[in-house]
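[1] Could you look at this predicted model? Sequence included:
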Amino acid sequence: MKFVFSKNLSRALEELAAYGEEHGLTRQELAHISLDDFFELLANHPPETPGEWLSERSQAGKSRHLVTQSVELPPLLFAPEDFDCFERPKREPNFVTAQTARALLIEVENESDLSLDGAIVMIPQADPGFDWLFGYDIAGLVTMYGGTNSHMAIRAAEFGIPAAIGIGEDRYQQLQGTEMIEIDCAGRTIKRIK
């Protein structure tokens, strides 16, 4: 069912991209247009120049996106005051396997042409969208978010790859720009080597 849903969703997105291209909009510009705007365009008869109207909606959406990117919220909201002030909770990573890996650290945010063989890979979340990483011979895995039962934790266990899953935002940011690290799953530590 997931495959059928993804296939239809992918087809719909390609149709939107083609419609945008007909009206002079790139995929990046379309990404800032809300679905409600497309429904409004459909229901209220298109304006004389739909490309211009969509371009205006895209600019407004881009402005809203920039505002939301500048707001940081806690992982969990317990009270209205949490919107005003909070401390990031310290997280204990979930270590997978009892092995140790020492290697170059490569941060990856999307599928790329990087050679990841032999590297410890660092990714933001532990979701199935990063399953392609296991096509490489990676030495280890680090994620900012995720838990013991997350997809990547399960896959790392299947492949016997040392992993630190869900290290938290603070530790993740501290590791950014690091050249080499060591993950000691048995000792439950992550060390910066250089």
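    Received the coordinates, thanks.

[2] Quickly note the distance from residue 91 to residue 166.
    Residue 91 sits 6 Å away from residue 166, going by C-beta to C-beta, to the nearest Å. In short, each C-beta sits where N, CA and C put it, glycine included.

[3] Pick out whichever of those two has more residues nearby.
    Comparing residue 91 with residue 166 by other C-beta atoms under 10 Å, the one with more neighbours is residue 166, at 23 against 17.

[4] among the helices and strands of this protein, which one scores worst on average pLDDT?
    Here the helix or strand of the chain ranked lowest by mean pLDDT, DSSP states H and E is helix 35-43, holding a mean of 85.

[5] Excluding residues flanking it in the chain, which one is nearest residue 188?
    Closest residue to residue 188 apart from its sequence neighbours, by C-beta to C-beta, 6 or more residues apart in numbering: residue 95 at 5.5 Å.

[6] Tell me how far that neighbour lies from residue 137.
    According to C-beta to C-beta, residue 95 and residue 137 sit 20 Å apart.

[7] Who has more neighbours out of the two?
    Neighbour totals were compared for residue 95 and residue 137, and residue 95 leads with 23 against 11 (other C-beta under 10 Å).

[8] From the contact counts, what lies against the least confident helix or strand of the chain?
    Under the contact criterion of 3 or more C-beta pairs under 8 Å, 6 or more residues apart in numbering; DSSP states H and E, helix 35-43 touches helix 50-69.
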